[in-house]
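Colleague: Provided below for reference: sequence and predicted model.
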Amino acid sequence: MPKLTTTEIMELTESEFNDSEITNLRIIIYEYSKAIRALVSGKHASYELNTGQTSQRVTRLDLDSLISTRKLLLEELQTRESAAGLNRSVVTVQPDW
């Protein structure tokens, strides 16, 4: 995915920028999830986490940090999707007895 230049970012509308940020967050969350799955499976002692912005080698010792960061990224994604009107309302039905 090509990175936007500063000039291109300045030309984006707020909606376009938010959509771009949502896409970027989804990619980063996906990469964190892959790293977590690889390390939790026990098949790998280390994993190359490449978010498209940074690349780093992580190990099982980094799992708590990876999970914590993914949680924060998911919260940010939810906030941005909500602001963009992308979250669907959930209706919970409970019996009245």
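Modeller: Yep, it's here.

Colleague: distance between the helix or strand containing residue 15 and the chain's centre?
Modeller: Using DSSP states H and E, residue 15 sits within helix 14-40. Relative to the chain's own centre, helix 14-40 is displaced by 3 Å; criterion: CA atoms, centre = their mean, to the nearest Å.

Colleague: count of neighbours near the closest residue to residue 45 other than its chain neighbours?
Modeller: Residue nearest to residue 45 in three dimensions, not counting chain neighbours: residue 59, with 6.3 Å by CB to CB, 6 or more residues apart in numbering. For every residue, glycine as well, the C-beta is placed using N, CA and C. A count of nearby residues for residue 59, using other CB atoms under 10 Å, gives 12.

Colleague: what of residue 71?
Modeller: 12.

Colleague: what separation is there between residue 49 and residue 39?
Modeller: Counting by CB to CB, to the nearest Å, the gap from residue 49 to residue 39 is 10 Å.

Colleague: which residues do those two both contact?
Modeller: Counting by CB atoms under 8 Å, 6 or more residues apart in numbering, the shared contacts of residue 49 and residue 39 are 58, 66.

Colleague: hey, where'd the helices end up in the protein?
Modeller: For the chain, applying DSSP state H gives helices covering 6-11, 14-40, 63-83.

Colleague: so what's the spatially most central residue of the chain closest to, chain neighbours aside?
Modeller: In the chain, the centroid-proximal residue (CA atoms, centre = their mean) is residue 29; its distance is 2.7 Å. Computed as CB to CB, 6+ apart, the closest residue to residue 29 that is not its neighbour in sequence is residue 73, at 5.0 Å.
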